[in-house]
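**Q** A predicted structure for the sequence below; I have some questions about it.
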Amino acid sequence: MNILVSGGAGYIGSHTCVSLLEEGHQVIVVDNLSNSKYEVIDRINKITNRNVIFYKADLTEKDLIDVIFSKHAIDAVIHFAGLKSVGESVEKPLKYYHNNIVSTLNLVRVCQNYGVNKFVFSSSATVYGNNQVPSVETLNLLPTTNPYGETKAMSERILKDISSANPELSVSILRYFNPVGAHTSGLIGEVPNGIPNNLMPYMTQVAKGKIEKLKVFGNDYLTSDGTGVRDYIHVMDLAEGHVAALNSLTKGVHIYNLGTGRGTSVLELIEAFEKANSIKLSYEIVERRAGDLAESYAETSKAFEELGWVAKRDIVDMCKDAWRFEKNNLE
């Protein structure tokens, strides 16, 4: 199939492109490169020995998206593109609501205009808000703790409403947790702009000496060691989950959690990284970060039962692959 991947030069999008190409699909990437670089496309091509079709475009500009659809017989869309920093969304909510909601509206509108009825949406576990743990797909969504999460929840509602009005539409909504790691080639991985917002790239940059000390945001949560607990998932498992969802699309809206089903605390992940890579990390405990929850991890049996997907890689794989990429990254 011809698959349009929005945000395909980004962290999760690029790894999903690799999985799609390895399955024989043609990939059309649309990315404004606000949080990624074009060299990622070259690296995807190198890993797969295939060629991605790339457009630098912003999904908030509908006319540009229309032109791209007019040039290609697109069969399905996987929608990653969006701003994703929880902390920044608290500080700049208008920026997040405009970018993430308008992008989804424009992309779905153009899909309808061109009869593209297969749509995979990359959502987030943040839509569960401060809900029960482990999170299951049938939970009623509570108000989230940050505007980023609200944009994901709103996009989900938009897709559900559009699907109700268009019975030919097949939508898969994937709620996932904390992607970490990198491709085993060491060619693609997570490259945040500035100081990382996510734990793993923060750790790898401290290990490399780019940052002096790791900040652990809070140690007074009601968890086993007081630090936040998350469901860390290897980015290649996540990529394969998106492809599995695409391959299993049927009419209507289908929601899946993608995760390991296990929570790991910040201090546990630090310890795992140190053991896996024989490196000691310097860290300090600081105040909690706005919008963070104590615990967030998933019930993942539905994805296994309906998609035949399960996370295969463990914390050691995540830590080793993330460090391999960081060592290869010359920035």
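**A** Done, it's in. Numbers count the residues shown, from 1 in each chain.
**Q** ok, I315 touching L269?
**A** Yes - applying Cβ atoms under 8 Å, one finds I315 in contact with L269, separated by 7.0 Å. The C-beta positions use only the backbone N, C-alpha and C, and glycine is treated the same way.
**Q** can you tell me the helix or strand for the closest residue to K208 other than its chain neighbours?
**A** The spatially closest residue to K208, leaving aside those adjacent along the chain, is E326, at 5.5 Å (Cβ to Cβ, 6 or more residues apart in numbering). Here E326 is covered by helix 315-328, with elements defined by DSSP states H and E.
**Q** Pull out the buried residues from that helix.
**A** 315, 317-326 (16 or more other Cβ atoms under 10 Å).
**Q** Now the common contact residues for I315 and L269.
**A** Y232 (Cβ atoms under 8 Å, 6 or more residues apart in numbering).
**Q** sorry, back to before: ok, now how distant is the residue nearest to K208 from V171?
**A** Here E326 is placed at a distance of 36 Å from V171 (Cβ to Cβ, to the nearest Å).
**Q** what does S248 give?
**A** 12 Å.
**Q** Of the two, which one has the most company?
**A** Higher neighbour count among S248 and V171: V171, with 24 against 16, using other Cβ atoms under 10 Å.
**Q** isn't there a strand covering that one?
**A** Yes - with DSSP: H, G, I helix; E, B strand; the rest coil as the criterion, V171 is located in a strand.
**Q** which residues does it contact?
**A** 119-121, 159-160, 163, 249, 252-254.
**Q** In the sheet, which residues pair with it? Tell me.
**A** F119, V253 (DSSP bridges).
**Q** same thing with E284?
**A** Beta-bridge partners recorded for E284 (DSSP bridges): K215.
**Q** so how many other residues sit close to it?
**A** Neighbour number of E284 under other Cβ under 10 Å is 9.
**Q** Okay, strands next: where are they in this protein?
**A** 2-6, 26-31, 53-56, 76-79, 118-122, 170-176, 178-180, 214-217, 229-230, 232-234, 252-258, 264-265, 283-286, 295-296 (DSSP state E).
**Q** relative orientation of the longest helix seen in the chain and strand 118-122 in degrees?
**A** When the chain is parsed with DSSP state H, its longest helix is helix 147-165. Interaxial angle, helix 147-165 versus strand 118-122 (axes from the mean of the first three to the mean of the last three Cα atoms, to 10 degrees): 160 degrees.
**Q** got a list of what the nearest residue to T264 once chain neighbours are set aside touches?
**A** Excluding the flanking residues, the one nearest T264 by Cβ to Cβ, 6+ apart is Y232, at 5.4 Å. The contact partners of Y232, by Cβ under 8 Å, 6+ apart, come to 177-180, 200, 260, 264, 269, 315, 318.
**Q** Please name the bridge partners of Y232.
**A** Applying DSSP bridges, one finds that Y232 bridges with N178.
**Q** Which pLDDT value goes with it?
**A** What the model reports for Y232 is a pLDDT of 96.
**Q** mind listing what's buried in stretch 161-175?
**A** So stretch 161-175, judged by 16+ other Cβ under 10 Å, has buried residues 162-163, 169-175.
**Q** now, among those, which is nearest to C17?
**A** Proximity of those to C17 was ranked by Cβ to Cβ; the top entry is L174 with 15.8 Å.
**Q** how near is that closest one to V253?
**A** As judged by Cβ to Cβ, L174 and V253 stand 12 Å apart.
**Q** As a check, name the ranges of all helices in the stretch 1-150 of the chain.
**A** Under the criterion DSSP state H, counting those that start in this stretch, helices of the stretch 1-150 of the chain are mapped to 11-22, 39-48, 62-71, 86-91, 93-96, 102-113, 147-165.
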